[in-house]
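**Student:** Fold the following and give me the result.
(one chain, ligands or ions: 1)
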Amino acid sequence: MLLKDKVAIVTGGAKGMGRGIALKFAEEGAHLVLCDLDLDGARAVAAEIETRGGQALAVRTDITCSADSERMVAYTLERFGTIDILINCAGGVAGTHGSGNSETITEEEWDRIVDLNLKGPFLVTRAVLPTFKAKRSGKIVFISSMGAVSPVVSVLHYHSAKAGIIGLSLNLAFELAPLGICVNTVVPGPIETPFWDALMPPGPERDAFFAAVSRHEVPLGRIGQPKDIAGACLFFASELSDYVTGQTLCVAGGQPMLSQQATFNIEAYLKERGILGEGA
Ligand SMILES: NC(=O)c1ccc[n+]([C@@H]2O[C@H](COP(=O)([O-])OP(=O)(O)OC[C@H]3O[C@@H](n4cnc5c(N)ncnc54)[C@H](O)[C@@H]3O)[C@@H](O)[C@H]2O)c1
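**Tutor:** All right, here's what the predicted structure looks like:
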């Protein structure tokens, strides 16, 4: 087991990638703290872990609120006594219709999306750091997005925040290396999770979209699954990566390499079908 008795906090642990990461870490012997706005979802994942013999705590947390993050860390320390790993996974574009460019994004929308995807991960990390600094060890993983480095649709606020995550991670890696704390970033390509519900609900239309993206945009020819991201996070969270910090790893089926038939315009495809609007 790669994470035997390690204590791991996973933000956004109620569903999608966060859930996949939590289940993988539990299989590897970690004790999990699932913090999410969706307490019922986090409790369901905690119950799944406990049914399989693991230990897990669900805590309702809004990562954009520093008091929430500090309270979640206090509960973690009360229950498990320490923290070894932080996976900053919560984020997304819920409530935006998935689009936005320099003309359409309002200041309020900019603040909301950047708070969720950049400030939130910083606040949770800041709350965990006193524990990592005291023990002079710890693993922090951030989740960015391929859209931050190779956008195929304009989602300006979200992509800016996800690019900011790479800078945050690099600066923290530099600052914390002398204390033995490793900080790395995973950059996912398209992964099949409820994240996509903000764009289109599960169904034939979404299946057709995923099939077109797989065929034309992903060299490995398929949409990723939460377990693909969990594998990369496991590497960064375990002793396998003790000599690795400040790294940014794309887990994106070979993106942004373009396949031979890369003539598919995702933004045009979504706009033609009325899935992507002009407004933010
Ligand atoms: N799915 C993809 O294709 C994809 C691609 C690139 C990057 N990402 C990023 O990966 C991460 C995980 O995405 P996912 O696909 O699992 O999404 P998801 O929507 O399935 O899960 C996100 C989770 O975050 C939680 N959350 C949202 N706001 C929160 C807040 N303020 N405080 C606490 N929890 C909150 C949600 O309740 C949800 O459980 C996100 O940061 C997302 O931006 C996703």
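
**Student:** and this structure, which residues reach the ligand?
**Tutor:** Taking Cβ under 6 Å from any ligand atom as the contact definition, the chain meets the ligand at 11-12, 14-18, 36-38, 41, 61-64, 89-92, 116, 120, 143, 145, 188, 190-191, 193-195. The C-beta positions use only the backbone N, C-alpha and C, and glycine is treated the same way.

**Student:** Narrow those residues to just the buried residues.
**Tutor:** 11-12, 14-18, 36-38, 41, 61-64, 89-92, 116, 120, 143, 145, 188, 190-191, 193-195 (16 or more other Cβ atoms under 10 Å).

**Student:** Quick one: the helices in this protein, in order.
**Tutor:** 16-27, 39-51, 66-80, 107-114, 120-135, 146-149, 156-176, 204-217, 226-237, 266-272 (DSSP state H).

**Student:** Just want the residue of the stretch 51-200 of the chain that's nearest the ligand.
**Tutor:** residue 91 (2.5 Å; Cβ to the nearest ligand atom).

**Student:** Could you measure from the residue nearest to that residue when sequence neighbours are not counted over to residue 166?
**Tutor:** Once flanking residues are discounted, residue 91 sits nearest to residue 117: 4.5 Å by Cβ to Cβ, 6 or more residues apart in numbering. According to Cβ to Cβ, to the nearest Å, residue 117 and residue 166 sit 12 Å apart.

**Student:** Could you check which of those two has the larger neighbour count?
**Tutor:** Using other Cβ atoms under 10 Å, the more surrounded residue of residue 117 and residue 166 is residue 117, with 28 against 17.

**Student:** Might you report the residue contacts of the more buried one?
**Tutor:** Contacts for residue 117 (Cβ atoms under 8 Å, 6 or more residues apart in numbering) come out as 91, 92, 158, 161, 162, 164, 165.

**Student:** coming back round to it: most tightly surrounded among the helices of the chain?
**Tutor:** Of all the helices of the chain, helix 16-27 carries the top mean neighbour count, a mean of 26, counting by mean count of other Cβ atoms under 10 Å.
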